[in-house]
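Undergrad: quick one, fold the following:
(4 chains)
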There are 2 protein chains.
Amino acid sequence: MQKSVSLTPLRVACSGCNLRELCLPRKLTEADLEQLDDLISLKHAYQRGDYLYRSGAKFQSLYAIRTGFFKTQVLHEDGREQVTGFQMAGEIIGLDAISSDAHTCDAIALEDSEVCEIPFSQLEELSRKLPSLQRHLHRILSREIVRDQGIMLLLGSMRAEERLAAFLLNLSQRFATRGYSPTSFHLRMTRQEIGSYLGMKLETVSRTLSHFQGIGLINIRNKSVELHNLPGLQAYVGPPPQFL
Amino acid sequence: MQKSVSLTPLRVACSGCNLRELCLPRKLTEADLEQLDDLISLKHAYQRGDYLYRSGAKFQSLYAIRTGFFKTQVLHEDGREQVTGFQMAGEIIGLDAISSDAHTCDAIALEDSEVCEIPFSQLEELSRKLPSLQRHLHRILSREIVRDQGIMLLLGSMRAEERLAAFLLNLSQRFATRGYSPTSFHLRMTRQEIGSYLGMKLETVSRTLSHFQGIGLINIRNKSVELHNLPGLQAYVGPPPQFL
DNA sequence: CAGGGATTTTGACCTATATCAAACGCACGC
DNA sequence: GCGTGCGTTTGATATAGGTCAAAATCCCTG
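TA: Residues are numbered from 1 along each chain as shown, chains lettered A, B, ... in the order given. The predicted structure follows:
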């Protein structure tokens, strides 16, 4: 049972939260973890549709999602909105707000959810004392940049089918990481929200999903999806037609 | 000459570089600035077309652009590429690499350029000692996330004309910040690269620029642009047709 | 200063996706 | 259990932008 030696501190650090993101894999002593634990002691519950924060609100804390599902969206003055991400358990939300001390997007619960509040100035203070925590925070910030670049690639150079295949595979992989089935899950978001995220209209999302179902790649009924052919979906994300 | 009191340390901190990004506005003592100065002592020159780093290369340092112009691009396996940004003097490049200790994109000089190398582990170490530097680093990372979200909005929900208008206005504003003309400048990148960045084909970029010229918004001859009507361009970025 | 490759412009045509519209179905509240 | 309304599917049509092609222009090298 050597493994549990490294698992135990994870639980300690997050007061029972399952927060892979903030739980450092090593190099933290029990005392360190206790400090981190104190920091993340505030917990909040949100119902479907609740705002975790709104664009323009003063920035105080990051939030680690304990359970549930959120979307983040930026609003253009004219009413257009762009969903910038779907966040699930273990992910950190609010990173965009550090730059200007104010939130730059809305975060809305897509299902009943719980989050741990992480007061940012305290996190900064602690991360000055714990190099390993500091490094982790930097990685989280940088990972978000890499994720965004991936979405830029998706939006800038992929076709609707490719985007949707990439989206389904991304969800699949994230569910798998959390111990859920990678091939059978519920979509928490509407076609409209998927479309906003992927830069397409809800009708196109619906049509494309139907198409995937038609060729046996997936089975979709309302919000529940089954991925029948992961390699088949992968093929869409890969080379475009002219390279096949 | 009170002003020069705050200006002087800036110069010290960057050994003559004009690096707004890393130069902290306050709260650093002379001694602090000297340490920062030591850190950023390595300088390198690149010619047009040179790679600052390549995707996959081990991450060691961030780079502060002293003079010149770079592009960053991510490559899809199949050969598709997406330009993820155009960086100019005073901007920090390489932030994406922190997450995995390896660069995730290529950075290529679009003109002869100079950069200051900032060894990251030393920057982390120093930022543990200087809260003000730590905060600044976090802001830089977060600002990149905000920028990327803006591009997601652009790619996901704007039309070609709107994207290009937004792009020109963004360049305009960044040149202005650096003391150059906001209405007359040289594009360092090709139509192809602009297109990649904005999710459109080079022909569409060219056509749209011609269109802007046709209606008197801009004058463009090859790489030199003059913006004749900033509010006119702004109007494109704003509300879409149905809201006008 | 001339030649040649790269970049840009412009035109004609085509296609992926948007738009508009209608029917359907699931979920929630009464 | 039964409307009622939001979300979804599907169809018909329109269009922004892509594709292909050719000419024009620029810029670098010899």
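
Undergrad: tally of neighbours for the residue lying closest to A:Lys223 once chain neighbours are set aside?
TA: Beyond its immediate neighbours in the sequence, the residue positioned closest to A:Lys223 (C-beta to C-beta, 6 or more residues apart in numbering or on different chains) is A:Leu187, lying 4.5 Å away. From N, CA and C alone the C-beta is placed, and that goes for glycine too. Close neighbours of A:Leu187, defined as other C-beta atoms under 10 Å in any protein chain shown, add up to 20.

Undergrad: do a quick rundown of the strands in chain A.
TA: Along chain A, counting by DSSP state E, strands occupy A:42-46, A:51-53, A:61-67, A:69-75, A:81-88, A:92-93, A:106-109, A:113-119, A:184-186, A:218-221, A:224-227.

Undergrad: related to what we said a few turns ago, wait, the residue nearest to A:Lys223 touches A:Leu227, no?
TA: No: using C-beta atoms under 8 Å, A:Leu187 is not in contact with A:Leu227, being 11.9 Å away.

Undergrad: low-confidence stretches in chain A?
TA: Segments of chain A classed as low confidence (criterion: pLDDT under 70) are A:1-27, A:239-244.

Undergrad: what residue is smack in the middle of it?
TA: Within chain A, one residue has its C-alpha closest to the average C-alpha position: by C-alpha atoms, centre = their mean, that is A:Gln87, at 2.7 Å.

Undergrad: look up which residues are beta-bridged to it.
TA: Judged by DSSP bridges, the bridge partners of A:Gln87 are A:Phe70.

Undergrad: pretty sure it sits against A:Ile93.
TA: Yes: using C-beta under 8 Å, A:Gln87 and A:Ile93 qualify as a contacting pair, with a distance of 5.2 Å.

Undergrad: residues near A:Gln47, how many?
TA: Burial measure for A:Gln47: 10 neighbouring residues, criterion other C-beta under 10 Å.

Undergrad: distance of it from A:Tyr180?
TA: Taking C-beta to C-beta, to the nearest Å as the criterion, A:Gln47 is separated from A:Tyr180 by 22 Å.

Undergrad: for A:His44, same thing?
TA: Separation of A:His44 from A:Tyr180 (C-beta to C-beta): 23 Å.

Undergrad: now do the helices in chain A.
TA: Assigned helices in chain A, in chain order: A:3-13, A:30-39, A:120-129, A:131-157, A:160-177, A:191-198, A:202-214, A:230-237 (criterion: DSSP state H).

Undergrad: mind checking which of the strands of chain A is nearest DNA strand D?
TA: Closest to DNA strand D of the strands of chain A, according to C-beta to the nearest atom of the strand: strand A:218-221, at 5.6 Å.

Undergrad: that closest one pairs with which strands?
TA: Counting by DSSP bridges, the strands paired with strand A:218-221 are strand A:224-227 (antiparallel).

Undergrad: circling back to that earlier point, so for B:Leu137, which of the helices of chain A sits nearest?
TA: Checking the helices of chain A against B:Leu137 by C-beta to C-beta gives helix A:131-157 as the closest, at 7.9 Å.

Undergrad: how distant is the closest one from the center of its chain?
TA: Distance of helix A:131-157 from its chain centroid, counting by C-alpha atoms, centre = their mean, to the nearest Å, is 11 Å.

Undergrad: what of stretch A:211-228?
TA: Centre to centre, stretch against its chain (C-alpha atoms, centre = their mean), the figure for stretch A:211-228 is 23 Å.

Undergrad: same check, this time on stretch A:111-126
TA: Using C-alpha atoms, centre = their mean, the offset of stretch A:111-126 from its chain centre is 15 Å.

Undergrad: nearest residue to A:Phe86 other than its sequence neighbours?
TA: The shortest distance from A:Phe86 to any non-neighbouring residue, by C-beta to C-beta, 6+ apart, is to A:Lys71 (5.4 Å).

Undergrad: ok, the one you found - contacts?
TA: Under the criterion of C-beta atoms under 8 Å, 6 or more residues apart in numbering or on different chains, the neighbours of A:Lys71 are A:83, A:85-87, A:107-108, A:110, A:189, A:193, A:197.
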